[in-house]
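*Asks:* I'd like to go over a predicted model; first the sequence, then the structure.
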Amino acid sequence: MSTRPDGPLLAREEQQLVEGLLGGNEDAVRALYARYARPIFTLGLRLLGSAEAAEELTQDVFLAAWRKAARFDPARGRLSTWLMTIAHNLAVDRLRRETGVTRPHLVLVDEVPELEWVDEEEPLIERDAAIRALESLSDAEKRLLARAYFGGLTAREIAEADGIPLGTVKTRLRTALIKVRRANQDKERP
Amino acid sequence: MTCLEVRELLPEHAIGVLGELEHQRIQRHLQTCAGCRKESGDLGQAASTLAFALAPAPVPEGLDDRVVARVRRAAGAPATRRRGRTATVALVAAALVFASLGWGAVMAGRAERFADRAAQAQREQAVAIEHFQQVLGNVIPGGSLSDNETHIGQLAPVAAGTGGGFALQLVSPRILDFVMVIVNGLDDPSVLPLRVQLVNDRGRVLRAGRIDTLDANGGAEVYHQFRTQGLGGFTIVNVVDPAGRLVLTGTVDQSN
């Protein structure tokens, strides 16, 4: 199985990789790992606060992706979105399970101790595009999305914390996501 | 739920902050509503953009092999082709934990203070290294390990501290290098989490693992396999507290 090492994947390439994952094909798993393990691990580190927990999460994500692989449909969304949604959901579930609360503890990346492992560089093809897409947001919109996505705050919790109407928060969340979505459309798969 | 109700919740659904009940109700609606499904997909992609924008963190060595092994095991696929060069951490760790009585005897000594047991240290080291070789030899394709591939050192407390431990290293041209550190008698849980580091004579530091919890004997095990980094020369083993202060330290004798 071969895929291009960088650049967005075609829908059929994503489908091939997921089919390979379903069959336990080593090349497919390694290709998926090379593309997505690092952002998944990084998200785990950000949400869960330790390298050990982030590693467990990364393993769990690939295992969950294998379980759900038969249901992946590239016509309904990108592979990157699918995997990162699995990662985020698993991380939030874990935090809720461990803390007994609905809101995960926010750990800033800068607070995580420097890791001393030797780094094997892997391509991060999604990151530049993601940063460009987020530039379409105001600072207030970025903070709002970060409080929800990384802090696990619901719209109601944000509304109560800021003393603004719930409907306003929901509208702002939706507006911010749509802005990001529009910015992302410029880099849709070939 | 109506489409109106669903769409009001879709941003939070995409971000993943809704409760399980609302999540399930939305999922049921999405199964039958193409319009809301499209909206959900669009918002979900936007939400995942946040994760991709994070400054990337380095991924632990060997995680790729562990992921591949776990998925292939689940899928019922045969063992990975890289196994000839790789004795996986999980395999080795499991073998060490469940190994022979001899290894158990070494582990039993953990309840005591190693610093007070100098008279037995040499004998225990010989037993430990013998069993370390045996256990690793059983799980590594291609046979046994030689004395000059397996090394051991003792860890002692710094200043008036308590505790002690062993460090076992596999340093081999044939197998990925591996370290296992066993500590005990650490009676101050406030020093957690502890980090285990390997240091060479030029001061270069490798991270071997982190101790988040201690058992009733104040003990714990850490093991790590190094995918790209050989352990030759990394003879100093330090266990440090969150402030970077030494708690235990020792030297592995790699000269044998």
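*Replies:* Sure thing, it's come through.
*Asks:* flag every buried residue along stretch A:16-26.
*Replies:* By 16 or more other CB atoms under 10 Å in any protein chain shown, the buried positions in stretch A:16-26 come out as A:16-18, A:20-22, A:24-26. Where you see a C-beta, it was placed from the backbone N, CA and C, and this is true even at glycine.
*Asks:* kindly export it (C-alpha atoms) in PDB.
*Replies:* Output of stretch A:16-26 as PDB, limited to C-alpha atoms (Å, rounded to 0.1, in the frame of the first residue of the first chain):
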ATOM      1  CA  GLN A  16      -7.900   2.500   1.000                       C
ATOM      2  CA  LEU A  17      -6.100   3.400   4.200                       C
ATOM      3  CA  VAL A  18      -9.200   2.700   6.300                       C
ATOM      4  CA  GLU A  19      -9.800  -0.600   4.600                       C
ATOM      5  CA  GLY A  20      -6.200  -1.500   5.300                       C
ATOM      6  CA  LEU A  21      -6.600  -0.500   8.900                       C
ATOM      7  CA  LEU A  22      -9.700  -2.700   9.100                       C
ATOM      8  CA  GLY A  23      -7.700  -5.700   7.900                       C
ATOM      9  CA  GLY A  24      -4.800  -5.000  10.200                       C
ATOM     10  CA  ASN A  25      -2.500  -4.200   7.200                       C
ATOM     11  CA  GLU A  26       0.800  -3.000   8.700                       C
END
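*Asks:* next, the contact list for the nearest residue to A:Leu177 once chain neighbours are set aside, please.
*Replies:* Spatial nearest neighbour of A:Leu177, chain neighbours left out: B:Ala46 (4.2 Å); criterion: CB to CB, 6 or more residues apart in numbering or on different chains. B:Ala46 makes contacts with A:133, A:177-178, A:180-181, A:184, B:14, as judged by CB atoms under 8 Å, 6 or more residues apart in numbering or on different chains.
*Asks:* tabulate the buried residues of stretch A:16-26 (TSV), appending secondary structure and pLDDT.
*Replies:* As requested, those are exported to TSV (DSSP: H, G, I helix; E, B strand; the rest coil; pLDDT from 0 to 100):
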residue	secondary structure	pLDDT
A:Gln16	helix	85
A:Leu17	helix	86
A:Val18	helix	89
A:Gly20	helix	86
A:Leu21	helix	88
A:Leu22	helix	85
A:Gly24	coil	83
A:Asn25	coil	85
A:Glu26	helix	85
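*Asks:* what about the residue most central in space within chain A, which helix or strand?
*Replies:* In chain A, the centroid-proximal residue (CA atoms, centre = their mean) is A:Met84; its distance is 3.2 Å. Take DSSP states H and E as the rule and A:Met84 turns out to sit in helix A:79-99.
*Asks:* elements contacting that helix?
*Replies:* helix A:11-22, helix A:26-48, helix A:51-68, helix B:34-52 (3 or more CB pairs under 8 Å, 6 or more residues apart in numbering or on different chains; DSSP states H and E).
*Asks:* would you mind finding the most buried of these?
*Replies:* helix A:26-48 (a mean of 24; mean count of other CB atoms under 10 Å in any protein chain shown).
*Asks:* quick one: that one to chain centroid distance?
*Replies:* 10 Å (CA atoms, centre = their mean, to the nearest Å).
*Asks:* next one: stretch A:85-98
*Replies:* How far stretch A:85-98 lies from its chain's middle: 11 Å, per CA atoms, centre = their mean.
*Asks:* buried set for it?
*Replies:* Within stretch A:85-98, the residues that count as buried by 16+ other CB under 10 Å are A:85-88, A:90-92, A:94-96.
*Asks:* show me the contacts for the residue in chain B that chain A sits nearest to.
*Replies:* The minimum distance from chain B to chain A, using CB to the nearest CB, falls at B:Ala75 (2.8 Å). Counting by CB under 8 Å, 6+ apart, B:Ala75 makes contact with A:22-24, A:66.
*Asks:* and the helix or strand of chain A with the lowest mean pLDDT, what does it pack against?
*Replies:* Least confident helix or strand, chain A: helix A:125-134 with a mean of 76, by mean pLDDT, DSSP states H and E. Judged by 3+ CB pairs under 8 Å, 6+ apart, helix A:125-134 is in contact with helix A:26-48, helix A:166-185, helix B:34-52.
*Asks:* out of these, flag the one nearest B:Glu20.
*Replies:* Set against B:Glu20 and scored by CB to CB, these come closest in helix B:34-52, at 16.8 Å.
*Asks:* quick check: mean pLDDT across the closest one?
*Replies:* The average pLDDT for helix B:34-52 rounds to 89.
*Asks:* repeat for stretch A:152-168
*Replies:* Mean predicted lDDT for stretch A:152-168 stands at 90.
*Asks:* same check, this time on stretch B:233-251
*Replies:* Within the predicted structure, the mean pLDDT of stretch B:233-251 is 90.
*Asks:* how many neighbours does B:Leu10 have?
*Replies:* By other CB atoms under 10 Å in any protein chain shown, the residues close to B:Leu10 number 24.
*Asks:* report whether the expected contact of it with B:Ser40 is present.
*Replies:* Yes. In this structure B:Leu10 lies within contact range of B:Ser40 using CB atoms under 8 Å: 5.5 Å.
*Asks:* which residues are in contact with each of those two?
*Replies:* Taking CB under 8 Å, 6+ apart as the criterion, B:Leu10 and B:Ser40 both touch B:Ile26.
*Asks:* give me the element the closest residue to A:Tyr33 other than its chain neighbours is part of.
*Replies:* Using CB to CB, 6+ apart and skipping residues adjacent in sequence, the residue nearest A:Tyr33 is B:Asp64, 5.1 Å away. For B:Asp64, the host element (DSSP H and E) is helix B:63-75.
*Asks:* relative to helix A:51-68, how tilted is that helix?
*Replies:* Here helix B:63-75 points in a direction 40 degrees away from that of helix A:51-68 (axes from the mean of the first three to the mean of the last three CA atoms, to 10 degrees).
*Asks:* in helix B:63-75, which residues are buried?
*Replies:* In helix B:63-75, counting by 16+ other CB under 10 Å, buried: B:63-72, B:75.
*Asks:* same deal with stretch B:195-215?
*Replies:* Quick answer for stretch B:195-215 (16+ other CB under 10 Å): B:195-199, B:206-211, B:214.
*Asks:* what does stretch A:63-83 give?
*Replies:* In stretch A:63-83, counting by 16+ other CB under 10 Å, buried: A:63-66, A:69, A:72, A:74, A:76-83.
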